[in-house]
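Asker: everything below, folded, please.
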Amino acid sequence: MYRLLRVPLQPVTYSRWLHLCVPILLLALWMFIEPAAPWAPLLIVIPLGLVPWVRLAEGLQARFLLTPHDGDREESTISAAPSAGWSDRWRTLLWLEVRLVFTGAAWVPTVWLPTMTVELVAVALGHPLENDPMLPFVPPRWAATLLVPVPLILLIAIVVVLGQLITAIAQRLLGPSAAERLTALEARTEQLLERTRIARELHDSIGHALTVAVVQAGAARAAGDPEFTDRALRAIEETGRAALEDLERVLGVLRESKRPPSQGPTLAEADRLLESARASGAAVDAQLTGPLETLPGPVTREGYRILQEALTNVLRHCGPVPVRVRVEMTAGRLDLEVTNPLPGRSGATLGGGGSGLRGMRERAALLGGETDTGPYEGGWRVHARLPLERIR
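Answerer: Purely as a prediction, here's the structure:
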């Protein structure tokens, strides 16, 4: 009952009513030209339905007047694009025909019922009716007084029913085609993948910088040596500056959706990571083999992030322990291995339940490679294998 009482107060009721009444202008103009053929507009709109841009105009109008609430959704139920093929053209043509029929169905009560209300008010006030009244019969004054709101209530009910029907038909005939749905799904998937990539970038770069800062600050405080403190502050400064560069690069992509992402750090700059880990107290034994500067862009960037996350996990969970880093470039593959002992935690899990290990595996999988992480010879190992052939 409350829902029925609320319907006349909803703006969408009247926007749909307006949508039903817009084609009345065409019908009224034609009735003025040729009143003997009221069905002729059904033929006139046939060539219009085959024009691709008519579908765009009808879609925008239907969105604005029939489904204004769709503005809060990510995907509208009514398409706003020109006809892409004959299937869209035929559906647009059928929509125009149906819309004219519904316009005629709304036209009659829109004109007739308010006129009946005026006549009932006149009867209730004791005024005589003119010739050809709209009322089927003239009721007594007391009955006319009671019947005054009935035509308006009936009009609202008709408008609500016709509005809901025309909206359902519009969603069917003007809704996205299969090709448009596929395009929207692909765009949405691209957006989600880009968000995931950006989240990984922020996790790896900012997480590494914060880990190095925490370890360096703790070591400097424990050492109590001014020279060591100076080196620790310098390492924190350099790591923080690199993290700010990464953050600014990612935020630049987020601010400007059409701006291509700038190139991130590569394995050719791996010395920066290794020196950062050494400055944090870790004894890093690194061996980088092969012309890493010739690696394909995606491989060298993802390899850098995998190495960064692996070293970050070592510093975060094990502290300044010996770390063995091996990066080898062969003819068809890049091998990246980081191993470290687990002091007092034999067989423990390095990385906990966070997203770091999963992020490394996802980075490798995107390139068609794989990353193994887990206990290895009493310590912990990260071993990534990234193919080169399919990337070139």
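
Asker: let me see the ranges of the strands in this protein.
Answerer: Taking DSSP state E as the test, the strands found in the chain are 284-289, 323-329, 333-341, 370-376, 379-387.

Asker: as JSON lines, these with distance to residue 207, mean neighbour count and mean pLDDT would be great.
Answerer: Using the backbone N, CA and C atoms, a C-beta is placed for each residue, glycine as well. Converted to JSON lines, the strands of the chain look like this (distance: least, CB to CB, whole Å; neighbours: other CB atoms under 10 Å; pLDDT from 0 to 100):
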{"stretch": "strand 284-289", "distance to residue 207": "18", "mean neighbour count": "15", "mean pLDDT": "90"}
{"stretch": "strand 323-329", "distance to residue 207": "17", "mean neighbour count": "19", "mean pLDDT": "92"}
{"stretch": "strand 333-341", "distance to residue 207": "16", "mean neighbour count": "21", "mean pLDDT": "92"}
{"stretch": "strand 370-376", "distance to residue 207": "16", "mean neighbour count": "16", "mean pLDDT": "89"}
{"stretch": "strand 379-387", "distance to residue 207": "15", "mean neighbour count": "21", "mean pLDDT": "91"}
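
Asker: got a markdown table for these, with distance to residue 120 too?
Answerer: Below are those laid out as a markdown table (distance: least, CB to CB, whole Å):
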| stretch | distance to residue 120 |
| --- | --- |
| strand 284-289 | 93 |
| strand 323-329 | 90 |
| strand 333-341 | 86 |
| strand 370-376 | 80 |
| strand 379-387 | 83 |
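
Asker: which one of the ones you listed lies closest to residue 138?
Answerer: strand 370-376 (88.3 Å; CB to CB).

Asker: which one of the strands of the chain lies nearest to residue 15?
Answerer: Evaluated over the strands of the chain, closeness to residue 15 peaks at strand 370-376, with 54.7 Å, by CB to CB.

Asker: neighbouring strands for that closest one, and are they parallel or not?
Answerer: strand 379-387 (antiparallel) (DSSP bridges).

Asker: what's next to the strand it pairs with, contact-wise?
Answerer: Strand 379-387 is contacted from outside by 299, 302-303, 306, 310, 313-314, 318, 332-342, 348, 350, 360, 364, 367-375, using CB atoms under 8 Å, 6 or more residues apart in numbering.

Asker: and with 6 Å instead?
Answerer: If you take CB atoms under 6 Å, 6 or more residues apart in numbering as the criterion, strand 379-387 is touched by 299, 306, 310, 333-342, 350, 364, 367-373.

Asker: chain center to it: distance?
Answerer: In this view, strand 379-387 has its centroid 34 Å away from the chain centroid, taken as CA atoms, centre = their mean, to the nearest Å.

Asker: cool, and stretch 383-392?
Answerer: Centre-to-centre, stretch 383-392 and its host chain are 31 Å apart (CA atoms, centre = their mean).

Asker: same check on stretch 131-141?
Answerer: Averaging C-alpha positions (CA atoms, centre = their mean) puts stretch 131-141 58 Å from its chain's average.

Asker: per-residue confidence averaged over it?
Answerer: The average pLDDT for stretch 131-141 rounds to 79.

Asker: about what we covered before: between the strands of the chain, which one is nearest to residue 155?
Answerer: The closest approach between residue 155 and any of the strands of the chain, judged by CB to CB, belongs to strand 370-376 at 68.0 Å.

Asker: quick check: angle from the closest one to strand 333-341?
Answerer: Taking axes from the mean of the first three to the mean of the last three CA atoms, to 10 degrees, strand 370-376 and strand 333-341 form an angle of 20 degrees between their directions.

Asker: dump strand 370-376 to PDB, keeping only the CA atoms.
Answerer: The C-alpha coordinates for strand 370-376 follow below in PDB (Å, rounded to 0.1, in the frame of the first residue of the first chain):
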ATOM      1  CA  GLU A 370      56.400 -19.600 -12.800                       C
ATOM      2  CA  THR A 371      57.700 -18.800  -9.300                       C
ATOM      3  CA  ASP A 372      58.400 -21.400  -6.600                       C
ATOM      4  CA  THR A 373      58.600 -20.200  -3.000                       C
ATOM      5  CA  GLY A 374      59.200 -22.400   0.000                       C
ATOM      6  CA  PRO A 375      61.700 -24.100   2.400                       C
ATOM      7  CA  TYR A 376      64.900 -25.100   0.700                       C
END
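
Asker: any stretches of the stretch 1-150 of the chain with poor pLDDT?
Answerer: The stretch 1-150 of the chain contains residues with pLDDT under 70 at 1-5, 27-28, 30-32, 34-39, 70-76, 132.

Asker: helices of that one, start to end?
Answerer: Along the stretch 1-150 of the chain, counting by DSSP state H, counting those that start in this stretch, helices occupy 2-6, 11-21, 24-33, 41-44, 46-49, 52-65, 86-124, 141-147, 149-173.

Asker: nearest to residue 210, out of those?
Answerer: Relative to residue 210, the nearest member of the helices of the stretch 1-150 of the chain by CB to CB is helix 52-65, separated by 46.1 Å.

Asker: out of the strands of the chain, the one nearest residue 137 is which?
Answerer: Among the strands of the chain, the nearest to residue 137 by CB to CB is strand 370-376 (85.8 Å).

Asker: mind checking how far the closest one is from the chain centre?
Answerer: Here strand 370-376 is found 34 Å from its chain centre; the criterion is CA atoms, centre = their mean.
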